[in-house]
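K.L.:
Need a 3D model of the sequence below.
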Amino acid sequence: MNVKEDAKIVKPFLHAVENVITTMAMVEVKAGKPYIKRDSVASGDVSGIIGMSGDRNGTISVTFSETAIKVIVSNMLGEEITEMNQDVKDAVGELTNMISGQARRGLAEIGMTMNGGIPTVITGKDHSISHISKDPLLAIPFETPNGPFTVEVSLE
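P.N.:
Below is the predicted model:
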């Protein structure tokens, strides 16, 4: 990916994340500056990963800090979530699916058609995510009032 292409690809993900998190969880999100990520260590405690294929192949992941995801899921379910339980894992998979779907619609508007797979959820402090691509990994950090999360995009 080059810088011009990165900018075109980032926008649909920014819009998707902001729309999904604010609509589903009533949590304000603020995007940070996208950067090229060079390691596989996840910057959070729980990640949703989804494979994409079509005009480009790759993966996206959404990694949440424990503090951020507990508030997001609490708001989604209307009850306080105090531990990283199955409800949190299910919600991360669903949020990843919704973000991927909206981002793919945005990418289709710029002529990039892709299909998404079934999300996988990984939990644990300092877990790693190996995106299967030789191209640079684009990371977009987000901040919420209760902690950070990061979206990583890896497209060949």
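K.L.:
Show the contacting residues for the residue nearest to the spatial centre of the chain.
P.N.:
The centre of the chain sits closest to V62, judged by CA atoms, centre = their mean, with a distance of 2.6 Å. Residues in contact with V62 (CB atoms under 8 Å, 6 or more residues apart in numbering) are V17, S47, G48, V92, L95, T96, I99, F149, T150, V151. Every residue, glycine included, has its C-beta placed from N, CA and C.
K.L.:
Repeat the analysis, applying 6 Å as the threshold.
P.N.:
Applying CB atoms under 6 Å, 6 or more residues apart in numbering, we find V62 in contact with G48, T96, I99, V151.
K.L.:
tell me the pLDDT at the closest residue to R38 other than its chain neighbours?
P.N.:
Nearest non-adjacent residue to R38, counting by CB to CB, 6 or more residues apart in numbering: L137, 7.5 Å away. Per-residue pLDDT puts L137 at 86.
K.L.:
what's near enough to touch L137?
P.N.:
Here L137 is in contact with K37, H131, E152, S154 (CB under 6 Å, 6+ apart).
K.L.:
what do you get for A31?
P.N.:
Contacts of A31 by CB under 6 Å, 6+ apart are L14, F142.
K.L.:
Quick check: it vs Q86, distance?
P.N.:
29 Å (CB to CB, to the nearest Å).
K.L.:
CA atoms of stretch 75-94 as CSV?
P.N.:
Extracted in CSV, the C-alpha atoms of stretch 75-94 (Å, rounded to 0.1, in the frame of the first residue of the first chain):
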residue,chain,number,x,y,z
ASN,A,75,-23.9,-0.2,27.2
MET,A,76,-24.8,-2.7,24.4
LEU,A,77,-26.5,-5.2,26.8
GLY,A,78,-27.9,-2.6,29.3
GLU,A,79,-26.2,-4.3,32.2
GLU,A,80,-22.9,-3.9,33.9
ILE,A,81,-20.2,-6.2,32.7
THR,A,82,-17.4,-6.7,35.3
GLU,A,83,-15.4,-9.6,33.8
MET,A,84,-14.1,-10.8,30.5
ASN,A,85,-16.8,-13.4,29.9
GLN,A,86,-18.5,-15.0,27.0
ASP,A,87,-20.8,-12.0,26.5
VAL,A,88,-17.7,-9.9,25.9
LYS,A,89,-16.3,-12.4,23.4
ASP,A,90,-19.6,-12.6,21.5
ALA,A,91,-19.9,-8.8,21.4
VAL,A,92,-16.3,-8.4,20.1
GLY,A,93,-17.1,-10.9,17.3
GLU,A,94,-20.3,-9.1,16.4
